[in-house]
Each structure stands twice: as C-alpha cells, then as structure tokens.
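Peer 1: any chance you could fold what I've pasted below:
(one chain, ligands or ions: 2)
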Amino acid sequence: MSMIRYLGHSAFQVSARELECLVDPFLKGNVQSCALPEEFDNLTHIFVTHGHGDHLGDTIQLGLKTNATVVANAEICRYLAGKGLKTHPMYIGGWVGFPFGRVKFVPAVHGSGITEGKETLYGGVAVGVILELGDFRIYHAGDTGLTADMGLLQALGIDLALLPIGGRYVMDIPDALRAVEMIRPKQVIPMHFNTFPGIEADPAEFLEGLPEWVRGIRLESGQSLQF
Ligand code: NI
Ligand code: MN
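Peer 2: Numbers count the residues shown, from 1 in each chain. Ligands and ions are numbered 1, 2, ... in the order given. Coordinates of the predicted model:
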C-alpha cells in the first residue's frame, strides 16, 4: 500500500515500495507543518524542487540524520554535497531509474537561489518533479507560474497533480485551473497557499472551479491519501 501525506505548504511525505521520502521538506518555521524533522528517522530520499528556503527547508538536517539521498538539480546537489549530504543530481530531461521507480524533472518557471547568511547562492533553475511509482504518476509542480510546457504533461498520464495556487510567487487559482486543463490529471491537490503573507487563497474556490472529470482533493496538513 502506498500513501502520500500533506505536511503543509509544499511539503509532502510519500511512502511506497522501496521509497520513504519527503518532497520540499519545509517543516521548521512552516506554520502549517504537522511534523518536525526530528520525527523522521527512516528516509530513503528527499526531493527538492528549488533552492528557496520554503522548499529546501530542513533538507540538511534531515539528510545528515537519515542519510537519505537528496534528488535535486546539479547546483543544489553540489551545495548539499558540500554540507556532507548524499546526493543524486539530475536535471530537466528524461526519466531516471531508481530502485522504487522512475523520476523525471520538468520545467518550472521560477527562481532557485539558495540563501546562506547574507548571500544568495546560485541554485540552478527550479523544476517540477514527476514520480512514477508502479503505474501511478505523481506530479509535484514545485513553485511555478502557468506555462505552456504544462501541456506536454498531458501525454504522460498524470494520476495525481500537486499544484500551487497561492499567487504572487506562483500560479493563482485561475492559472492553476488552466494548468489542470492542460495537464489533465485524474486527481489534483492544491498547495502553497496561506502559509505566509501574500499567498492567501481559498482552496475551496479552486476545488469548486475544477471540471467534473478531475477529482479535487483538499488535504489538511497531516492528512494522507492512499494510492
Ligand atoms: Ni520558491
Ligand atoms: Mn515557495
């Protein structure tokens, strides 16, 4: 049995055969988070969509503690390898095989700078992550505006899309609804809203705007879904 659990903001936990992972593990300082890094002892992988603090989050602490492999773009991996973490760099491109399935990075229109003290380090470009677990495909969009590239995802047969709706830094609700039309996932979960000022959005408005062929799911922080 596989499951995905929402941890608030853009953070998710995914458990599947040979996979115990977090995506964008922003836990400490995340007012929506239902978990702390201390609660995770056994992680095989951590996926990071881009270098911003609300996505890179607690990756360093979690990676050092659990020895999980961080899967991210080449620049973020180089940065994290310098901190002593185990990394698996990849980039926007083809499917990459792992013991648990396959992973593909797709475009996200967004920045990826890494804040370290007063410096902003170059963190490559932001990505979206597609996890193929058995015959189930999850698309975590990361942070992104609406982009025509999302139309390419329709051919990939996305079972579950995790889409940002908070506006300002990412898609707002009308944009996210257009993204759904382009991606045509079977199910969609809204994320990246109401965590900090400037990204206020009502997930009910997004769910009510969805066409009838897609199942919209509102996960409260801590709630999970089996697949
Ligand atoms: Ni960001
Ligand atoms: Mn963000």
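
Peer 1: I'd assumed residue 54 was in a helix, is it?
Peer 2: Yes: applying DSSP: H, G, I helix; E, B strand; the rest coil, one finds residue 54 inside a helix.

Peer 1: the residue lying closest to it once chain neighbours are set aside: neighbour count?
Peer 2: Nearest residue to residue 54 in three dimensions, chain neighbours excluded: residue 26, at 4.8 Å (Cβ to Cβ, 6 or more residues apart in numbering). From N, CA and C alone the C-beta is placed, and that goes for glycine too. Neighbour count for residue 26, taken as other Cβ atoms under 10 Å: 23.

Peer 1: what residues are up against residue 26?
Peer 2: Residues in contact with residue 26, defined by Cβ atoms under 8 Å, 6 or more residues apart in numbering, are 9, 10, 11, 33, 53, 54, 55, 56, 57, 58.

Peer 1: residue 67: which of those is nearest?
Peer 2: Nearest to residue 67 among these: residue 58, at 14.9 Å, using Cβ to Cβ.

Peer 1: now that closest one: how far from residue 194?
Peer 2: 20 Å (Cβ to Cβ, to the nearest Å).

Peer 1: and the two? Which one has more around it.
Peer 2: residue 58 (23 against 16).

Peer 1: first to last residue in stretch 207-221, what's the distance?
Peer 2: 17 Å (Cα to Cα, to the nearest Å).

Peer 1: which one among the contacts of residue 26 gets closest to ligand 2?
Peer 2: Using Cβ to the ion, residue 54 is the member of the contacts of residue 26 that lies nearest ligand 2, at 4.4 Å.

Peer 1: what separates the closest one from residue 3, distance-wise?
Peer 2: Distance of residue 54 to residue 3, computed by Cβ to Cβ: 24 Å.

Peer 1: settle it for me: which of those two has more neighbours?
Peer 2: For residue 54 versus residue 3, neighbours defined as other Cβ under 10 Å are more numerous around residue 54 (19 against 12).

Peer 1: quick one: the helices in this protein?
Peer 2: 53-56, 59-66, 74-81, 173-183, 203-209 (DSSP state H).

Peer 1: and of these, who's closest to ligand 1?
Peer 2: Nearest to ligand 1 among the helices of the chain is helix 53-56; the distance by Cβ to the ion comes to 5.8 Å.

Peer 1: hmm, that closest one touching ligand 1?
Peer 2: No: on the criterion Cβ under 5 Å from the ion, helix 53-56 is out of touch with ligand 1, staying 5.8 Å away.

Peer 1: which residues does that helix contact?
Peer 2: The contact list for helix 53-56 (Cβ under 8 Å, 6+ apart) reads 9-10, 24, 26, 30, 48-50, 76, 114-115, 142-143, 195-196.

Peer 1: residue 120: how many residues sit nearby?
Peer 2: For residue 120, the number of neighbouring residues by other Cβ under 10 Å comes to 12.

Peer 1: residue 130 - nearest residue in space that isn't next to it in sequence?
Peer 2: Using Cβ to Cβ, 6+ apart and skipping the chain neighbours, the partner closest in space to residue 130 is residue 104 (4.4 Å).
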